[in-house]
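predicted model and sequence below, questions to follow.
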Amino acid sequence: MLTRFFALTLLVAGMAGSSLPAQTASLSIDVDKPTAKVSPMLYGLMTEEINFSYDGGLYGELVRDRAVRQGWGALEHWAVVARGDAEAQISVDGKVGPSAALPRSIKLSATRASEAAPAGLENDGYWGMAARPESTYSGSFYAKSDNAVAVTVSLANDQTGAVAGSATVTGVTGDWKQYTFTLKTGSAPATANNHLILTVAKPATVWFTLISLFPPTYHDRPNGNRIDLMEKLAAMHPHFLRLPGGNYLEGDHIPDRYQWKKTIGPWVDRPTHPSPWSYRSSDGMGLLEFLEWTEDLKIEPVMAVYAGYSMAQEHVDAGEKLEPYVQDALDEIEYVTGGPETKWGAERVKDGHPAAFPLHYVEIGNEDEFDKSGSYDGRYAQFYKAIKQRYPALQVIATTAVKSVKPDVLDEHFYMPAEESFAGAHHYDKTDRNGPKIFVGEWATREGTPTPNLEAALGDAAWMTDLERNSDLVVMASYAPLFVNVNPGGMQWATDLIGYDALTSYGSPSYWAQVMFGSYLGTEVVPATLSDEGPRLFASATRDETRRKLYVKVVNATSEARTVRLVLAGVEKIRPEAKLITLSGKTPNATNSIGDPAAIVPVEQRIRVDGPKFERRFAAYSINVVEMDY
């Protein structure tokens with residue numbers, strides 16, 4: 001995927017350009033003296049329902065508020081349709097629904113309707129709905145009617161009314177039932193300016209809920225994820241997904257927490273729930289969908305379980321009152337890993353996934369340092385002991401320092417301006433190795449909005465050289481937040497890795513830094529010592545002994561090109577041709593956007609390496625990876 005965005009240039013000499021700065025830095029690398037194994041789980045993904053990351057983002061559903069929510073805005077994204085002399089109105093019926101989980105529906109009262117003048121309702125989607133040519137869309141809805149009717153479903157253009165695809169569902173009668181349909185688009189150009197319409201051609205009262213429409217999805221998974229966003233994630237070469245997210249796990253209040261048992265099974269049995277970011281989650285992205293996401297990317301889940309604390313300073317003390325939450329976590333682990341002979345493993349099988357999922361890490365809560373009650377120490381110990389008793393091989397992650405039990409892994413979070421990222425680029429070099437392993441579960445250099453600029457990417461890359469050098473200690477790291485819908489009202493948190501609207505998406509400069517670091521990573525850390533480097537020059541090196549590859553990362557965050565003398569010890573020869581991948585721009589504020597998605601992207605070139613000692617000039621404001629064969 002990476003090379004699709006690279007511009008391949010001609011073979012160039014190792015010393016590009018003739019004007020050299022007065023000071024030449026030196027980077028000494030002991031190729032034959034590895035100091036540690038690179039953690040096989042080092043780089044991964046962290047996500048949660050923020051910035052319309054799932055609904056309106058990765059999750060492929062095009063219909064907004066497909067299940068009728070409570071409150072005055074329940075029909076905010078629904079409108080009545082009355083063509084010609086048709087007469088109709090829509091309202092929320094709070095007493096008629098298809099299940100106990102979904103007791104409400106949209107009531108369509110069509111008092112006058114005909115083939116020439118149909119009546120119905122329409123949905124505007126998440127700032128529009130993408131329609132692409134020659135594509136097949138899968139849809140469904142639950143409905144009942146007081147008068148047997150046919151329902152025509154259309155995907156129509158906002159401006160012209162042109163129909164991209166249409167289908168008619170017959171036989172909607174007096175009992176709740178799920179109806180399915182397929183829309184096939186023609187040759188019209190791709191556009192996000194579309195909405196979904198459902199109409200009837202005769203007078204009737206029809207109740208609707210769970211109205212759904214999915215475009216083609218990644219790996220053709222039913223009700224799956226957006227192709228373009230999944231491809232961008234795959235290009236990062238991640239090894240894990242931290243799920244279901246941070247604040248999203250806790251909720252503002254205990255009843256608002258992520259209750260995984262309410263997110264599995266048929267949609268009609270999922271009641272939805274409020275997220276802490278001021279909109280409601282459809283729970284279409286439920287626990288199994290998270291796990292299938294990891295399956296599609298061939299990575300592992302790092303699963304966080306609710307630990308008895310919610311963000312409005314509500315908590316459950318350790319002891320008897322916490323036991324139901326501990327049991328819920330054990331049940332969740334069983335759902336993920338259990339065989340069909342187990343209670344919750346059997347539920348997963350019933351939900352359509354016979355095979356268990358790999359699971360090695362379980363996190364207890366999220367950011368519990370914010371719990372002012374000081375209860376986390378006891379809560380963590382109770383979860384730790386119960387999980388270890390049943391699943392002794394699992395690594396149990398703490399979200400803040402605890403004293404009662406030594407955690408296997410400690411989750412540390414960093415959100416930094418660029419200067420702090422540069423200053424912290426040696427944060428873990430001298431960290432005590434006698435403590436727990438480290439999971440940098442959320443981190444980012446926060447410069448730029450809605451997605452990072454080049455200055456942020458430089459800070460990120462400097463920070464990642466520290467993670468790589470210390471990957472004996474830092475076993476996992478994941479940037480956050482991962483996604484943002486760039487439409488007005490779509491963002492709750494600035495500086496997010498990948499931006500998108502209903503139709504297209506783009507990677508920020510920080511995204512490309514992640515791609516570069518994840519794509520060129522060896523299996524062992526080798527010493528890489530900078531001298532005479534001056535300010536804002538950073539480096540790390542790893543090797544893959546089996547493939548005889550050396551990967552050297554050099555970050556030049558200054559406004560001038562820098563010449564670095566690379567001295568490779570412990571190698572007899574270096575292949576004279578190497579690969580150099582560079583991400584750079586003219587100013588620190590340079591960035592990508594939905595309108596200019598490729599302004600800052602990596603460029604690949606072949607360079608000449610004249611033996612184990614050579615000089616290379618690295619561009620101003622640049623992130624560089626040199627791949628050498630030895």
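Arrived safely. Numbers count the residues shown, from 1 in each chain.

any idea how far L287 is from A398?
22 Å (CB to CB, to the nearest Å). The way it works is simple: take the backbone N, C-alpha and C, and place the C-beta from them, glycine included.

check P535 too.
47 Å.

so for these two, which residue has more residues nearby?
The neighbour comparison of P535 against L287 (other CB atoms under 10 Å) goes to L287, with 24 against 7.

the more buried one contacts K262, correct?
No: counting by CB atoms under 8 Å, L287 sits too far from K262 to count as a contact (9.6 Å).

farthest residue from the center of this structure?
Centroid-distance maximum for the chain: D85 at 47.0 Å, with CA atoms, centre = their mean.

burial of Y325, as a residue count?
Count around Y325 with other CB under 10 Å applied: 19.

surely the residue farthest from the centre of the chain is in contact with R112?
Yes: using CB under 8 Å, D85 is in contact with R112, at 6.5 Å.

so A235 sits against W512, correct?
No: using CB under 8 Å, A235 makes no contact with W512, being 9.4 Å away.

looking at these two, which is more packed in?
Ranked by neighbour count (other CB under 10 Å), A235 and W512 place W512 first, with 26 against 20.

before we move on, what SS does that one have?
Here W512 takes the helix state, with states given by DSSP: H, G, I helix; E, B strand; the rest coil.

repeat for the one 5 residues further on
Classification of F517 into helix, strand or coil gives helix, according to three-state DSSP.

let me know whether it touches Y551 as I believe.
No: using CB under 8 Å, F517 is not in contact with Y551, being 9.3 Å away.

now for the two: what residues contact both?
Common contact partners of F517 and Y551 (CB atoms under 8 Å, 6 or more residues apart in numbering): V625.

before we move on, the earlier item: next, count neighbours for the residue nearest to the residue farthest from the centre of the chain when sequence neighbours are not counted.
Spatially, and ignoring its direct neighbours in sequence, D85 is nearest to A117 (5.2 Å; CB to CB, 6 or more residues apart in numbering). By other CB under 10 Å, the residues close to A117 number 15.

and if you look at D610?
D610 has 12 neighbours, counted by other CB under 10 Å.

follow-up on the earlier one: so what sits against both of L287 and K262?
By CB under 8 Å, 6+ apart, no residue touches both L287 and K262.

over to A381. Which of the three states is it?
helix.

now G284. Its backbone dihedrals?
phi -60, psi -40 (degrees, to the nearest 10).

any low-confidence regions in the protein?
Counting by pLDDT under 70, the chain contains low-confidence residues at 1-22.

domain ranges for it?
The chain is divided into the following domains under automatic domain parsing: 2-37+522-629, 43-59+219-419+429-448+472-517, 78-214.

just these: most buried one?
Among the domains of the chain, domain 43-59+219-419+429-448+472-517 has the highest mean neighbour count (mean count of other CB atoms under 10 Å), at a mean of 20.

give me the distance from that one to the chain's centre.
Mean-position distance between domain 43-59+219-419+429-448+472-517 and its chain equals 10 Å (CA atoms, centre = their mean, to the nearest Å).

that domain spans what distance, first to last residue?
Domain 43-59+219-419+429-448+472-517 stretches 9 Å from its first residue to its last (CA to CA, to the nearest Å).

cool, stretch 140-155 as well?
By CA to CA, the extent of stretch 140-155 from end to end equals 13 Å.

dump the helix or strand hosting E122 to PDB, keeping only the CA atoms.
Under the criterion of DSSP states H and E, E122 resides in strand 119-123. What follows is strand 119-123, C-alpha atoms only, in PDB (Å, rounded to 0.1, in the frame of the first residue of the first chain):
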ATOM      1  CA  ALA A 119     -45.200   9.700   0.500                       C
ATOM      2  CA  GLY A 120     -42.600   8.600   3.000                       C
ATOM      3  CA  LEU A 121     -39.500   9.700   4.900                       C
ATOM      4  CA  GLU A 122     -35.800  10.400   4.100                       C
ATOM      5  CA  ASN A 123     -32.500  10.400   6.000                       C
END
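
helices or strands up against that strand?
If contacts are counted by 3 or more CB pairs under 8 Å, 6 or more residues apart in numbering; DSSP states H and E, strand 119-123 sits against strand 78-82, strand 87-93, strand 105-112, strand 194-200.

what angle sits between the first one and strand 194-200?
Here the directions of strand 78-82 and strand 194-200 differ by 50 degrees (axes from the mean of the first three to the mean of the last three CA atoms, to 10 degrees).

what about the helices in this structure?
Along the chain, counting by DSSP state H, helices occupy 227-235, 247-250, 287-297, 323-337, 343-350, 376-390, 418-423, 454-469, 509-519.

turn the ones you listed into TSV, columns for distance to M41.
Below are the helices of the chain laid out as TSV (distance: least, CB to CB, whole Å):
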stretch	distance to M41
helix 227-235	16
helix 247-250	20
helix 287-297	12
helix 323-337	17
helix 343-350	23
helix 376-390	19
helix 418-423	22
helix 454-469	12
helix 509-519	12
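
closest one to W176 among those?
helix 343-350 (21.4 Å; CB to CB).

just want the angle from that closest one to helix 323-337.
Using the same axes, to 10 degrees, helix 343-350 lies at 40 degrees relative to helix 323-337.

ok, now which ones touch V169?
For V169, the contact set (CB under 8 Å, 6+ apart) comprises F141, A150, V151, T152, V153, Y179, T180, F181.

so the third one bridges to which residues?
It stands for V151. V169 (DSSP bridges).

same question for the first one.
Beta-bridge pairing of F141 under DSSP bridges involves Y179.

pretty sure it contacts L210?
Yes: using CB under 8 Å, F141 is in contact with L210, at 6.2 Å.

the residue nearest to D85 and E87 touch, don't they?
No: the criterion here is CB under 8 Å, and A117 misses it with E87 at 9.1 Å.

for the residue lying closest to L287 once chain neighbours are set aside, give me its contacts.
Counting by CB to CB, 6+ apart, L287 lies nearest to W260, which is 4.5 Å off, once chain neighbours are set aside. W260 makes contact with P244, G286, L287, D328, E332, Y335, according to CB under 8 Å, 6+ apart.

of the residues you listed, closest to V206?
G286 (27.8 Å).

wait, the closest one sits on I264?
Yes: between G286 and I264 a contact is recorded at 5.5 Å, counting by CB under 8 Å.

joint contacts of these two?
Taking CB under 8 Å, 6+ apart as the contact rule, G286 and I264 both touch R270.

how about the strands in the stretch 401-550 of the chain?
Under the criterion DSSP state E, counting those that start in this stretch, the stretch 401-550 of the chain contains strands at 409-416, 437-445, 474-479, 483-485, 498-500, 505-507, 524-525, 528-531, 537-544, 549-556.

out of those strands, nearest to W463?
strand 437-445 (6.9 Å).

what angle separates the closest one from strand 474-479?
Interaxial angle of strand 437-445 relative to strand 474-479 (the same axes, to 10 degrees): 20 degrees.
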